[in-house]
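Undergrad: Here is my input, please return the structure:
(2 chains)
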There are 2 protein chains.
Amino acid sequence: MSSTAEIIAKNARLGGNTLKTISNENRSRLLYKIHDGLKANAKSIKEANQLDLQKAKEDSLADSLYKRLDLFKGDKFDTMLIGIKDVAELEDPVGKVRLARQLDENLDLYQVTAPVGALLVIFESRPEVIANITSLAIKSGNAAILKGGKESVHTFREISRIINTVISENEESTGIPASVIQLIETRQDVSDLLQQDLYIDLVVPRGSNELVRKIKSSTKIPVLGHADGICSIYLDSEADLAISKRITIDAKTSYPAGCNAVETILVNPEMPKWWEVLENLSKVGGVTLHVSADVKASYLDFLKQSGAQDDDAQGKIVDADESKDFDREFLSLDCAVKFVHSTEDAIAHINQHSSKHTDAIITENKAKAELFMKGVDSSGVYWNASTRFADGFRYGFGTEVGISTSKIHARGPVGLDGLVSYQYQLRGNGQVASDYIGSGGKKAFIHKNLDISNLRL
Amino acid sequence: MSSTAEIIAKNARLGGNTLKTISNENRSRLLYKIHDGLKANAKSIKEANQLDLQKAKEDSLADSLYKRLDLFKGDKFDTMLIGIKDVAELEDPVGKVRLARQLDENLDLYQVTAPVGALLVIFESRPEVIANITSLAIKSGNAAILKGGKESVHTFREISRIINTVISENEESTGIPASVIQLIETRQDVSDLLQQDLYIDLVVPRGSNELVRKIKSSTKIPVLGHADGICSIYLDSEADLAISKRITIDAKTSYPAGCNAVETILVNPEMPKWWEVLENLSKVGGVTLHVSADVKASYLDFLKQSGAQDDDAQGKIVDADESKDFDREFLSLDCAVKFVHSTEDAIAHINQHSSKHTDAIITENKAKAELFMKGVDSSGVYWNASTRFADGFRYGFGTEVGISTSKIHARGPVGLDGLVSYQYQLRGNGQVASDYIGSGGKKAFIHKNLDISNLRL
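TA: Numbering: from 1, shown residues only, chains lettered A, B, ... in the order given. Alright, predicted model coming up:
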């Protein structure tokens, strides 16, 4: 007997198989219909949202969570609607020819992008994520099972009701079955879905690091996401002082809760006036520095020598816990600081401690920068730029599925491209392998790459 | 305390981190040195190989296994040596710029290929695989832990001794540490290594489907390989008879043990003279047809009507086990046969039963072929060509790491490209994210793609 989770997963797979064959025009047309449906039902969505907000108040939810739940705060609802149309207007990620090669006369090989298949998307309180993920999934030709957090259950249920109604009402004209988007309420067990690796191809968690970590450790399905964002900045002996100050302030203080915020600063003690960077972080940025013992001794020395008004700065120093603070995502105005004595040592530290998200070197020396970018094994390796640039919008991807710290498939900020894979199409007129050299025959392969710039299959 | 497996895996990660920074010139130079070392030690390798062969005789190993073990049969040893030089001469898969985008003045983003990191390669009896995998790993900048089968332990041990010696002797000039290739003997437990997902990025099993299946079910590390090759051919109502005969004979009989051999034939009963394709497979190819009930009735009818000498053909028919034979990799001169009544039904059957390896449609109708190639969710989707073309050499990849049935990262025949991933390099001169629109600033991103055809970083 099939479990509920298995039935849901199987239906997603079947829905995805159909969606895979639907034209970009029809996929985008459905997104417009979903946009219209949600817009027309703003009133009932708002009522549902009010129920969630009321419950949140009764449960004394934290203020930040409450704000996230409120779908009609400011222009959030309208932004959500615009987002659906924006995705509809993006270039079709499916069916792009990435390689074309003539194997022989009338035997042509094409590497063509194709949807991954069936996605399981798990997210927490923000109800607008439903619309966002629904758009991305349909646009990229993937079926999606959506599982939201219990705090937004009423909003989620109403939005999902509308989306499902719209898909069903338009099935005849678009060819897209309702099973492409299945919205799962909290009572159904997500852990059962995470076991459906036969049908589900990719899990996309959208939420806290804790959520991602929990999911990663409980499924064999590949996970697109990052549990931690432990980013480092290395101040080289040839770092520019002004650049170092500007970048560290931006990377640490502009959004400390972001996964691309810096958590560790590695200082080469041969950098002239390196202490000013730390002082600046403390005084201007209000950052508490978790410093290793050698940094502390030198820093206090320099503060004394410089004769600066150092009380503020001194008050912002604590001893680093060497066994923890360099593997820690503070997500606050805190930062671990350590001396390293060469670019090689900085690379070694980062490869051991960082979460392979984004790491930067500040230096005026190109050779050291190239070595750093070649040696650091993270999805983003930066030279003289803030780690905060690690973001799909800033990279120009139009929309962001998430940021991946996986080593294979999609790395770093992931756009729609992360939801597609590829297939090889081989178009012949009756050729068989045994006619060719290497398999008993005499024919030789041509293996000539074809120009794909203007190719239409 | 660290386990042995953890130490090995950690060393591989560290070795990979160093190898990542080594130039293509030095990686290739080391491969030539390994070639020379193995060539110079042919005698001791042959002696070791004799010990394995003797043991195999004592243990009465199957003839096919014995042949695989024999490294000096024919020109196998020389071919192995040439293979190392061939890999050395391939284009560098590392450091290729796949995307370049100007984000702003002096702020340029590059997507650059990079090694995956640390590989665990598990293979069975063929001892020459060691040299092959060592070359592929070093060329692609990846560290590898190699684990061979117990039948070839003496050969394996001697080859690995030589490879390790060569790497160590050349460490000073190439910069490549011996830990990039660790050769593990059978007594060390592979299951412990499969748990090292913190250090190992990709598992590459080279061997029987049983081996691959076992590995896939016992690790969280991504596996590059295929457990099954259940390939199908659909004979459409508009299939050309001569093409159908030629392709089915090639796909089934030229190498029945290959993963790209056809296992299921789906017949549209509206195809004129479809029975001749089956008759041809039986009589000319010696294939036993496992036919579903409706096919059997019609087929016997047609054989009778055609008045052919049908005794041979009839003797080659057995009843298909509907619950098993369409999910079965026969790996022999057997084939399951079923009626389907449309391209859509063929697609649905394949998406449910095939192993997502390679599936083909035979038809003269372009629209149906396009629908098939768009709808079938396998790594290879073929039109009027034999499934046997699914192979790295035939695709023109130079060398083959394996064939993947995974849905993400690398699909189908995988060349060196499957052992690399990518990183984003961002090169700036002090830019910070908070200066830009969307993060509190006023600057707008340029987001202009740069020409990468002649780019050198």
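Undergrad: Using the record, which stretches count as separate domains in chain A?
TA: A:4-216, A:231-396 (automatic domain parsing).
Undergrad: With mean pLDDT added, can I get those domains in JSON lines?
TA: Output for those, formatted as JSON lines (pLDDT from 0 to 100):
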{"stretch": "domain A:4-216", "mean pLDDT": "93"}
{"stretch": "domain A:231-396", "mean pLDDT": "94"}
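Undergrad: so which of these gets nearest residue B:294?
TA: Closest of those to residue B:294 is domain A:4-216, at 24.2 Å (criterion: Cβ to Cβ). Backbone N, C-alpha and C define where each C-beta goes, glycine included.
Undergrad: How far away from the center of its chain is the closest one?
TA: 15 Å (Cα atoms, centre = their mean, to the nearest Å).
Undergrad: Pull the number of nearby residues for residue A:449.
TA: By other Cβ atoms under 10 Å in any protein chain shown, the residues close to residue A:449 number 11.
Undergrad: before we move on, what SS does the spatially closest residue to it that is not a sequence neighbour have?
TA: In this structure, residue A:449 finds its nearest non-sequential neighbour in residue A:101, 5.3 Å apart by Cβ to Cβ, 6 or more residues apart in numbering or on different chains. Per DSSP: H, G, I helix; E, B strand; the rest coil, the secondary structure class of residue A:101 is strand.
Undergrad: do residue A:346 as well
TA: helix.
Undergrad: list the contacts for it?
TA: Shown in contact with residue A:346 (Cβ atoms under 8 Å, 6 or more residues apart in numbering or on different chains): A:232, A:234, A:236, A:266, A:268, A:340, A:361, A:372.
Undergrad: Name the residues of stretch A:236-247 that come out as buried.
TA: For stretch A:236-247, burial by neighbour count (16 or more other Cβ atoms under 10 Å in any protein chain shown) applies to A:236, A:237, A:238, A:239, A:240, A:241, A:243, A:244, A:245, A:246, A:247.
Undergrad: right, and the helix or strand after the helix or strand hosting the last one?
TA: Per DSSP states H and E: residue A:247 is located in helix A:241-253. The C-terminal neighbour of helix A:241-253 among helices and strands, as given by DSSP H and E, is strand A:262-267.
Undergrad: For the stretch 1-150 of chain A, just list every one of the helices.
TA: Counting by DSSP state H, counting those that start in this stretch, the stretch 1-150 of chain A has helices at residues A:4-19, A:24-40, A:42-58, A:63-69, A:76-89, A:129-139.
Undergrad: Check the stretch 351-457 of chain A too.
TA: Under DSSP H, counting those that start in this stretch, the stretch 351-457 of chain A gives helices at A:366-375, A:392-395.
Undergrad: Ok, which of those helices comes nearest chain B?
TA: Among those, helix A:366-375 comes nearest to chain B, with 4.7 Å by Cβ to the nearest Cβ.
Undergrad: Format the CA atom coordinates belonging to that closest one as CSV.
TA: In CSV, the C-alpha atoms belonging to helix A:366-375 read as follows (Å, rounded to 0.1, in the frame of the first residue of the first chain):
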residue,chain,number,x,y,z
LYS,A,366,47.2,40.7,-8.0
ALA,A,367,49.3,37.5,-7.7
LYS,A,368,48.1,37.0,-4.1
ALA,A,369,44.5,37.7,-5.1
GLU,A,370,44.7,35.1,-8.0
LEU,A,371,46.2,32.6,-5.6
PHE,A,372,43.4,33.2,-3.1
MET,A,373,40.7,32.9,-5.7
LYS,A,374,42.3,29.7,-7.0
GLY,A,375,42.9,28.2,-3.6
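Undergrad: re the thing from before, format the helices of the stretch 351-457 of chain A as CSV; extra columns: mean neighbour count.
TA: Shown next, in CSV, are the helices of the stretch 351-457 of chain A (neighbours: other Cβ atoms under 10 Å in any protein chain shown):
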stretch, mean neighbour count
helix A:366-375, 20
helix A:392-395, 21
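Undergrad: Of all those helices, which one is nearest residue B:32?
TA: Among the helices of the stretch 351-457 of chain A, the nearest to residue B:32 by Cβ to Cβ is helix A:366-375 (22.8 Å).
Undergrad: packing partners for the closest one?
TA: In terms of contacts (3 or more Cβ pairs under 8 Å, 6 or more residues apart in numbering or on different chains; DSSP states H and E), helix A:366-375 is packed against helix A:343-353, strand A:358-362, strand A:380-385, strand B:420-431.
Undergrad: related to what we said a few turns ago, intersect the buried residues of stretch A:236-247 with the contacts of chain B.
TA: When contact is defined as Cβ under 8 Å from any Cβ of the partner chain, those meet chain B at A:240, A:243, A:246, A:247.
Undergrad: so who does the last one touch?
TA: Neighbour list for residue A:247: A:233, A:360, A:362, A:384, A:385, A:386, B:430, B:432 [criterion: Cβ under 8 Å, 6+ apart].
Undergrad: Make a markdown table out of those and add distance to residue B:228 and neighbour count.
TA: Output for the contacts of residue A:247, formatted as a markdown table (distance: Cβ to Cβ, whole Å; neighbours: other Cβ atoms under 10 Å in any protein chain shown):
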| residue | distance to residue B:228 | neighbour count |
| --- | --- | --- |
| A:233 | 48 | 28 |
| A:360 | 45 | 33 |
| A:362 | 51 | 31 |
| A:384 | 50 | 23 |
| A:385 | 47 | 32 |
| A:386 | 48 | 33 |
| B:430 | 54 | 18 |
| B:432 | 52 | 21 |
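Undergrad: okay, those residues in a markdown table with distance to residue B:415 next?
TA: As requested, those are exported to a markdown table (distance: Cβ to Cβ, whole Å):
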| residue | distance to residue B:415 |
| --- | --- |
| A:233 | 37 |
| A:360 | 33 |
| A:362 | 38 |
| A:384 | 35 |
| A:385 | 33 |
| A:386 | 37 |
| B:430 | 40 |
| B:432 | 40 |
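Undergrad: closest to residue B:194 among these?
TA: Proximity of the contacts of residue A:247 to residue B:194 (Cβ to Cβ) peaks at residue A:360, which lies at 34.3 Å.
Undergrad: what's the spacing between that closest one and residue A:247?
TA: Distance, residue A:360 to residue A:247, using Cβ to Cβ, to the nearest Å: 7 Å.
Undergrad: and for those two, which residues touch both?
TA: Residues touching both residue A:360 and residue A:247 by Cβ under 8 Å, 6+ apart: A:233, A:384, A:385, A:386.
Undergrad: Assess the claim that the second one and residue B:425 are in contact.
TA: When you say that, I think you mean residue A:384. No. The criterion here is Cβ atoms under 8 Å, and residue A:384 misses it with residue B:425 at 11.6 Å.
Undergrad: Good, we can wrap up now.
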